[in-house]
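*Asks:* Pasting the sequence and the predicted model now:
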Amino acid sequence: MAALVAAELVVAVHMAYLAYMVFGGFLALRWFRWIWPHMLSTVYSIYVTTTSFTCPVTTLEKWLLERGGRTPYEGSFIAEYVRGVLYPAQFETAVWLSGMGLAVFSYVIVLTRRRRRGLARELLLPS
């Protein structure tokens, strides 16, 4: 039973990570230091999606399911919990590209705002 509860917690953390991967770049509008872990998250997402690498969190969840007496699902976390639930399967590439686009767009907004603030300070504080 404990293994199944742990598996559910892993699913919740995995879902939170997916939300962070798409929207987390906007945290850097408030705390710039968040941009670096988010950029790593974006690179990691690209790597997992474009290679045959299996996310260790998915492996952990499947192991916990097996320890809890359940048969682990085949395939990826996305295929099990997201595809066909949050969007139709035929739009997977478009959804992934949109998520990545939103992540990159957050960097553009953060860096543009940061640059403007720097220019504003420069104009307000004479040398």
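*Replies:* Done, it's in. Predicted model only: the values in this text are computed from it and were never measured.

*Asks:* other SSEs contacting the helix ranked longest in the chain?
*Replies:* Scanning the chain for the longest helix, with DSSP state H as the assignment, gives helix 92-124. Judged by 3 or more C-beta pairs under 8 Å, 6 or more residues apart in numbering; DSSP states H and E, the packing partners of helix 92-124 are helix 2-23, helix 35-50. C-beta here means a position set from N, CA and C on the backbone, and glycine is covered the same way.

*Asks:* Just give me the residue right at the centre of the chain.
*Replies:* Nearest to the geometric centre of the chain sits Met21, at 2.2 Å (C-alpha atoms, centre = their mean).

*Asks:* Now do that one against Pro72, distance only.
*Replies:* Met21 sits 23 Å away from Pro72, going by C-beta to C-beta, to the nearest Å.

*Asks:* now do Arg117
*Replies:* Distance from Arg117 to Pro72, by C-beta to C-beta: 49 Å.

*Asks:* Next, the angle helix 2-23 makes with the lowest-mean-pLDDT helix or strand in the chain.
*Replies:* Lowest by mean pLDDT, DSSP states H and E among the helices and strands of the chain is helix 92-124, with a mean of 86. Computed with axes from the mean of the first three to the mean of the last three C-alpha atoms, to 10 degrees, the direction of helix 92-124 lies at 60 degrees from that of helix 2-23.

*Asks:* chain center to helix 92-124: distance?
*Replies:* Its chain's C-alpha centre and that of helix 92-124 lie 16 Å apart, by C-alpha atoms, centre = their mean, to the nearest Å.

*Asks:* Flag every buried residue along it.
*Replies:* Neighbour counts over helix 92-124 (16 or more other C-beta atoms under 10 Å) mark 92, 95-96, 99-100, 103, 106-107, 110 as buried.
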